[in-house]
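S.K.: okay, sequence plus prediction incoming.
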Amino acid sequence: MINLSVNINKIATLRNSRGGNIPDLKQVAMDCELFGAQGITIHPRPDGRHIRYDDVYEIKPVVRTELNIEGYPDRNFVDLITKALPAQVTLVPDAPDALTSNSGWDIKTNFNLLTELIELFRSYGVRSSLFVDTDLHSIEWAYKTGTDRIELYTGPYATNFETGKEAAVKPFVEAALYAKNAGMGVNAGHDLSLRNLAWFASNISWAVEVSIGHALISDALYHGLEKTIELYKACLK
């Protein structure tokens, strides 16, 4: 079964809209695990519009599964990772003002930077994952960095799913197979939902983890958090 890591950024967005501590991020993280999530994902951004850097140190001690921290590796982010020591760091190429992650790394251009960071994080016992598109040359360069895993950016899959699910998933199957054969773990994330997740998982059953936030938290408004996590996990079996 593919592991489900719940991204709780949207919970922080709701909290920040009123100030205070409602909803309580620590409680939500613990509840997600209690309800069956195999990981918690957070993506602190420089503007603090959802998860803030100080939240990381509050959440880390209560996570009993795996904490995955996503972000662009500026100096502050690298410092955060070496202090918080999550199970996994997922490096994304977002600009500071990006609304959401919307493309993978140009790994060849950023090869030296990424290689050095992966070596640094490994020395701290932190697993690394690189956010990538399905381009096989890019995944080959990812392998050369020494990264433990890649995370496939699944935005194009979700966009094309409704008009042809076989064609939509094909480049992701090819990319995931390439990564698997190279010895890298395969994660995936972005716009995965109850509508398209089962098809993705059935075609890439060797994937290790999906991280899902926006759709899952939105569905929880209707089904409740416990039932929603149950539904998402059912898609991954």
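M.R.: Everything's here; your move. Residues are numbered from 1 along each chain as shown.
S.K.: so N76 sits in a helix?
M.R.: Yes - N76: assigned to a helix according to DSSP: H, G, I helix; E, B strand; the rest coil.
S.K.: my guess is it contacts V56. True?
M.R.: No - counting by Cβ atoms under 8 Å, N76 does not reach V56; the two are 11.3 Å apart. Placement of C-beta: from N, CA and C, glycine included.
S.K.: which one's more surrounded, these two?
M.R.: Per other Cβ atoms under 10 Å, whichever of N76 and V56 has more neighbours is V56, with 18 against 12.
S.K.: what residues are up against the more buried one?
M.R.: 42, 44, 69, 80, 84 (Cβ atoms under 8 Å, 6 or more residues apart in numbering).
S.K.: skipping adjacent residues, who's closest to N21 in space?
M.R.: Spatial nearest neighbour of N21, excluding adjacent residues (Cβ to Cβ, 6 or more residues apart in numbering): R15 at 6.7 Å.
S.K.: assign the closest residue in space to G39 that isn't next to it in sequence to helix, strand or coil.
M.R.: Sequence neighbours aside, S5 is the residue nearest to G39 in space, at 3.2 Å (criterion: Cβ to Cβ, 6+ apart). Following three-state DSSP, S5 is assigned to strand.
S.K.: for the closest residue to N196 other than its chain neighbours, what are its contacts?
M.R.: Spatial nearest neighbour of N196, excluding adjacent residues (Cβ to Cβ, 6+ apart): F161 at 4.4 Å. Applying Cβ under 8 Å, 6+ apart, we find F161 in contact with 168-169, 195-196, 199.
S.K.: buried ones among the residues you listed?
M.R.: 168-169, 196, 199 (16 or more other Cβ atoms under 10 Å).
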